[in-house]
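In: Pasting the sequence and the predicted model now:
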Amino acid sequence: MFRTFKATDNCRARESGAANLAAFMCAGLMAAMTLSGCDHKEAHHEEEKEAESQLVLTKPIKRDTVISRDYVCQIHSCRNIEIRALERGYLEVVSVKEGQLLNEGDLMFSILPRVYTAVVKRAEAEAQVARVEYENTKRLLESDVVSDKELTMAKAKLDQKMAEVNLSQTHLGFTTIKAPFSGLMDRLRLRNGSLVEVGDLLTTLSDNSEMWIYFNVPESDYLEYASQVQPEENKKVSLVMANGKMFDQKGRINVIEGEFNNKTGTIPFRADFPNPKRLLRHGETGNIRMERTVKNALLVPQKATAEFDDERYVYVVGKDDVIKQVKLDVLEELEDLYVVKPSAGVTDQDRIIFEGQRQAHDGDKAHDYRFEETKDAYANLKLRAQ
């Protein structure tokens, strides 16, 4: 029994030793892996740091560029009128429906015409009497029974009665309202049986075959547009509708109004758009987009510039690798680019710092840099060009 217990203790001792050895080896392996991971992270960090500190150079580009500007606009029908009652009475007939497309001459409303019909008949009867009197007086004059003065009086009375006939017929005509042109009708303001006074609004009618779109242009943009003869292409404009989509027809600037608004410093322009599908309607809003092409525009990426005291600068690396800070004369601002005025400091042949401006200082010498071709540097920038 004693030997049995001793053998068992020896077995346990061997097992414990093996377990301790395995644990020691595992701990060593993990420590080695940890050290290796730290070395790898430190190396990767050093690479990133080195990449961040390295300057990336490229060149400005010169190309024909489209400059666009958007202006808030109001859309109007080329003809939009109010249909109002011209006579007093009860609205007897309403021959149209709200939103109906009408043709010129279609009957729209009829105001109870009985009184005006009676007035016309009375005026016609009185005119007939006056005509008979005139004819009798004329025959008597030929027989030297009456004087020329009496014939003149009879003729004047006949003319007066005929004028009353025309006036009564005109009033009778006002009781029937027809569409003065083809267009889209708005909602009804009065219903059958309503008592109508002279001047009461019945509805409105819009001719939407062509739309007149008004937008306000700042004085500086107006001077730029009006100071030179514009080619036909520059008079064409686009319409961005309220849903953000582009209208499928092009418009043309046809009118520049005569006066500036001194409070806003703007002047109204009018562009005319065909509307064959009648998609646009009176009262809509949107944005007019004007575009013009700048020939051989010098473009500099916005990310390559820095701003100091509300001025834009770029770092130019000369042939001797000396960094020079150059002020830019920005002509236009695009989404990712600036259109700048060519100068002695910046041309399309100069090398500019595209990335790493924080490490650049005026007068320093660029040691660690790489040059990136413009096709690669500008690959992800939005260029509006033709």
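Out: Yes, it's here.
In: Now do stretch 140-147: distance from first to last residue.
Out: In stretch 140-147, first residue to last residue: 9 Å (CA to CA, to the nearest Å).
In: and that stretch, which residues are buried?
Out: Buried residues in stretch 140-147, counted by 16 or more other CB atoms under 10 Å: Leu141, Val146. For glycine as for every other residue, the C-beta is placed from the backbone atoms N, C-alpha and C.
In: How about stretch 324-336?
Out: Buried-residue list, stretch 324-336, by 16+ other CB under 10 Å: Gln325, Val326, Leu328, Glu332, Leu334.
In: average pLDDT for the lengthiest strand in the chain?
Out: For the chain, the strand with the greatest residue count under DSSP state E is strand 61-84. In this model, strand 61-84 has an average pLDDT of 93.
In: Can you name the next helix or strand after that strand?
Out: strand 89-94 (DSSP states H and E).
In: so who does Ser77 touch?
Out: Listed by CB atoms under 8 Å, 6 or more residues apart in numbering, the contact partners of Ser77 are Gly183, Ser206, Asp207, Asn208, Met211, Trp212, Arg281, His282.
In: Met108 versus that one, what's the distance?
Out: 17 Å (CB to CB, to the nearest Å).
In: try Asn296
Out: Asn296 is 59 Å from Met108, by CB to CB.
In: In CSV, list the C-alpha atoms belonging to the longest strand of the chain.
Out: What follows is strand 61-84, C-alpha atoms only, in CSV (Å, rounded to 0.1, in the frame of the first residue of the first chain):
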residue,chain,number,x,y,z
ILE,A,61,-4.2,72.5,-65.6
LYS,A,62,-5.4,74.7,-68.4
ARG,A,63,-8.5,73.8,-70.3
ASP,A,64,-11.9,75.1,-71.5
THR,A,65,-14.2,75.1,-68.5
VAL,A,66,-17.9,75.6,-68.0
ILE,A,67,-18.8,78.1,-65.3
SER,A,68,-22.4,77.7,-64.1
ARG,A,69,-24.5,79.8,-61.7
ASP,A,70,-27.9,79.1,-60.3
TYR,A,71,-30.6,81.8,-59.6
VAL,A,72,-33.9,81.3,-57.8
CYS,A,73,-36.7,81.9,-60.2
GLN,A,74,-40.5,82.3,-60.4
ILE,A,75,-42.4,80.6,-63.2
HIS,A,76,-45.2,82.4,-65.0
SER,A,77,-47.5,81.5,-67.9
CYS,A,78,-47.0,83.6,-71.0
ARG,A,79,-50.7,84.6,-70.5
ASN,A,80,-52.4,84.4,-67.2
ILE,A,81,-55.6,86.3,-66.8
GLU,A,82,-58.6,86.7,-64.5
ILE,A,83,-62.0,85.9,-65.8
ARG,A,84,-64.4,88.4,-64.2
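In: So which bits of that strand are buried?
Out: Using 16+ other CB under 10 Å as the test for burial, strand 61-84 gives 61, 65, 67, 71, 73, 75-80, 83-84.
In: Stretch 121-135 too?
Out: Applying a neighbour-count criterion of 16+ other CB under 10 Å, one finds Ala123, Glu126, Ala127, Ala130, Glu133, Tyr134 buried in stretch 121-135.
In: what residues does it touch?
Out: Residues outside stretch 121-135 that contact it (CB under 8 Å, 6+ apart): Leu151, Ala154, Lys155, Lys157, Leu158, Gln160, Lys161, Met162, Glu164, Val165, Leu167, Ser168.
In: Perfect, that will be all.
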